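In: Mind folding the following:
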Amino acid sequence: MKSWFSDNYEKVILLSAFSLIILQIFISSGDSFIKRSNTTQYSQFKIIKVRDETFIEPSKSTSVLPGDSIYYKNLDSSEWSEEKIKNIQLIKRQKIVLTTSDNREIEGTLVGDISLDENWNNSAESLSIRQQRDTIFIPIKKLDKITTQQRIKIAESLKNLDWNNQEISFFQRLNLQSSIDELLPGKPKWTGSNRDSNSTKYDLFTPPIIYLDDGKLTTRLPEKEKPQELKEPFGLKLVSAKKAPYFLKLASWVGNVPYFEDKKSKFFEDSTKFTRNRLEVGKFYKRDLNRKSGQPSLIECNESDPDRLVQVEHFVVQQLKNAKTGGLRIVGRSLIRDYILGGQAFEINSMMEEVFAGDYTFIFTFNLPGHDEQSFELSSKDQGRVISLSGRSYEVVEIDLKSNHLTIVKKDPRVLEDTEKIFKFTGL
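Out: Numbering: from 1, shown residues only. Prediction:
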């Protein structure tokens, strides 16, 4: 036996080594099979229904685009089917990483929902990306890659598929006959030469031209840094601020009952005269919203009526000395309480052509590039008012007549954060 072992020593060693190699291959094959059989990561997705459309929403960020493919197969099958992607939805407030055609990488938060179809690379739209407090706009047609939380629209032919029994993959394959390893997440796949592996324009034996950029040698001319796109202006400008005349003027009286002209109500539609209202002392009046031409503009109401407007608290007729002539003049004097102006009381007499009751008028213009210029008017009692202009809303959050300023907040659905601006005006 010892003699046989000595004679066949080399064969025994070779056979042992061969057996170890076979065993290692078997073990490796077993590991590979186990990895391929682990399908948990393929099946982590949701089916979302929005109106009449159905979408697949993977649990992780993906970077497919219309024109790419989605691969799917039954859990009990080893054969994959392919369907071309025709539409994807990008969801607002999701983290997003963009790669542009000039190899820039931009990270941020997507401001608004975006829908991309098969002609996305010819789109004239831009993606709004929030970076800290700034918003930048990136043209869609200049993008090579979009990585974010995506919703992939399901084709009509696949709507009735039992997705609870399906695995999916978004790794793009060269053909359906390729090895299933190409579908494994994280598995590298060679599809051609890496364009970054030779970053120069030279062949092996072409003498290169070397540049010195910031102390480093490079074969490329340094590219100028592209400026970030400017944030949209606020869009409002305060043109003027002035005292607003009160809408009532004491026109006449009969006995102890005064008559007031309503400067906001014409007697007839085309008339140059204003409506006259008989207002009895101590009673409350509100505006008649169903008024017809020729009728009074104010009607009596209860003290508890939420629409009550004014009350004449006192009225007297006095003889006052005329400062110019020295003679006596008969003057009607009334004390008015206005509930729209906070319930304050002030005098209106028959000598006043205009009455100032503490109200102000502010004239603003709205002007943004690409939009028509518009003008609008605010009153000092318009705190809380919201003005909608070209898809943006402006809320008057504060009117401070003591420190002479207005605070307006701009809300834009494309921008995550609101913008606030303070407008100052001179004391009046």
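
In: so who does F170 touch?
Out: P58, T62, V64, D68, I70, Y71 (C-beta atoms under 8 Å, 6 or more residues apart in numbering). C-beta: built from backbone N, CA, C; applies to glycine.

In: Okay, A155 and S169: tell me how far apart.
Out: A155 sits at a distance of 16 Å from S169 (criterion: C-beta to C-beta, to the nearest Å).

In: So between the two, which is more surrounded?
Out: Looking at A155 and S169 with other C-beta atoms under 10 Å, you find the greater number of neighbours at S169, namely 20 against 15.

In: Kindly state the beta-bridge partners for the more buried one.
Out: Here S169 sits in beta bridges with Y71, going by DSSP bridges.

In: do you know how far it is from F45?
Out: Distance from S169 to F45, counting by C-beta to C-beta: 11 Å.

In: quick one on the thing from earlier: now, among the contacts of F170, which is nearest to T147?
Out: Ranking the contacts of F170 by separation from T147, with C-beta to C-beta as the measure, puts T62 on top at 7.3 Å.

In: Could you tell me the model confidence score at Q94?
Out: Confidence per residue is given as pLDDT, and for Q94 that number is 87.

In: ok, now which ones touch it?
Out: Each residue near Q94 by C-beta under 8 Å, 6+ apart is listed here: T109, L110, T148, Q149.

In: ok, and the closest non-adjacent residue to it?
Out: Once flanking residues are discounted, Q94 sits nearest to Q149: 4.3 Å by C-beta to C-beta, 6 or more residues apart in numbering.

In: The stretch 51-200 of the chain: helices as residue ranges?
Out: When assigned using DSSP state H, counting those that start in this stretch, the stretch 51-200 of the chain turns out to have no helices.

In: all strands of it, in order?
Out: If you assign secondary structure with DSSP state E, counting those that start in this stretch, the strands in the stretch 51-200 of the chain sit at 53-58, 69-74, 81-84, 88-90, 95-100, 105-110, 114-116, 126-131, 134-139, 143-148, 150-153, 166-169.

In: average pLDDT across the third one?
Out: The predicted model assigns strand 81-84 a mean pLDDT of 87.

In: Partner strands of that strand, with direction?
Out: Within its sheet, and counting by DSSP bridges, strand 81-84 is paired with strand 69-74 (antiparallel).

In: which of the strands of the stretch 51-200 of the chain sits most buried?
Out: Comparing the strands of the stretch 51-200 of the chain on average neighbours per residue, with mean count of other C-beta atoms under 10 Å, the densest one is strand 150-153 at a mean of 23.

In: what about it, average pLDDT?
Out: 88.

In: same for it, what does it pack against?
Out: Other elements packing on strand 150-153 under the criterion 3 or more C-beta pairs under 8 Å, 6 or more residues apart in numbering; DSSP states H and E are strand 53-58, strand 88-90.

In: If you average pLDDT over each of these, which is lowest?
Out: Set side by side, the helices and strands packed on strand 150-153 show their lowest mean pLDDT on strand 53-58, which sits at a mean of 85.

In: what residues does it touch?
Out: With C-beta under 8 Å, 6+ apart as the contact definition, strand 53-58 has outside contacts at 44-49, 70, 89, 149-154, 159, 163, 168, 170.
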